[in-house]
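Novice: Quick one, what's the 3D model for this:
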Amino acid sequence: MWNLGGGLGVRYNQAQPSPPTIEQYVEAIVQAAHANGLGRERRLLIEPGRALSANAGVTLYTVESVRRNVSRWVAVDGGMSDNIRPMLYGAIIEAHVADRFDGASECALVGKHCESGDVLVRDALLDDPRPGDVIVTPATGAYGYAMASNYNGVPRPPVIFCRDGDARVVVRRESLEDLTARDAP
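Specialist: A predicted model of the protein is given here:
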């Protein structure tokens, strides 16, 4: 059995290099397979991985508060319950004020879970974030919903598909009743 990895990567922020093209990726995998004994007569199945869905999804947060001490702390209405990747294994994501990209104010974008590790982006460059602003974190389509949890009893957010200016809910927002529906009396 061969494990060829988790599929074609994606670029999670502007500082990361672009991933290889599909053609480059497939060529590298095929060459490695042939070099390690998989004959040309054998069929090779390759998982495309997160390249299929990561860039198709974004996560939207609302700024709840902005505090300044040694750093500027921008707290949002989500966090480690809906995107555990930065806290779990150091995944680097990007964030922008939705209607004001390319900000210059260095901020720590933090979640609402009152945990010292609930930091989505340690050095986000945001444009003058204020309570009520919408923050967008791109490239969360591959893992956001799949890894979301009810940490601290927080209901999971909805999943909304958008196309050609139309939007529809495909997974409704969880309610508090959903959280307790399976509890024994």
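
Novice: what does the lengthiest strand in the chain contact?
Specialist: If you go by DSSP state E, the chain has its longest strand at strand 59-68. With CB atoms under 8 Å, 6 or more residues apart in numbering as the test, strand 59-68 has contacts from 72-78, 82-83, 98, 107, 112, 129-137, 140, 144, 157. Yep, even glycine has a C-beta here, placed from its N, CA and C like the rest.

Novice: Run through the residues that contact the residue nearest in space to the middle of the chain.
Specialist: Nearest to the mean C-alpha position of the chain, counting by CA atoms, centre = their mean, stands residue 140 at 2.9 Å. Residue 140 makes contact with 54, 57-59, 83, 93, according to CB under 8 Å, 6+ apart.

Novice: Distance-wise, check residue 176 relative to residue 155.
Specialist: In this structure, residue 176 and residue 155 are 7 Å apart, going by CB to CB, to the nearest Å.

Novice: Which one's more surrounded, these two?
Specialist: In this view residue 176 and residue 155 are compared by other CB atoms under 10 Å, and residue 155 has more residues nearby, 15 against 10.

Novice: which one is that one nearest to, not counting chain neighbours?
Specialist: Nearest in space to residue 155, with sequence neighbours left out and distances taken as CB to CB, 6 or more residues apart in numbering, is residue 174 at 3.5 Å.

Novice: quick one on the thing from earlier: so which bits of the longest strand of the chain are buried?
Specialist: If you call a residue buried by 16 or more other CB atoms under 10 Å, then strand 59-68 has these buried ones: 59, 61, 63, 66.

Novice: Please apply the same query to stretch 119-131.
Specialist: Neighbour-count burial for stretch 119-131 flags 119-121, 124-126, 129 (criterion: 16+ other CB under 10 Å).
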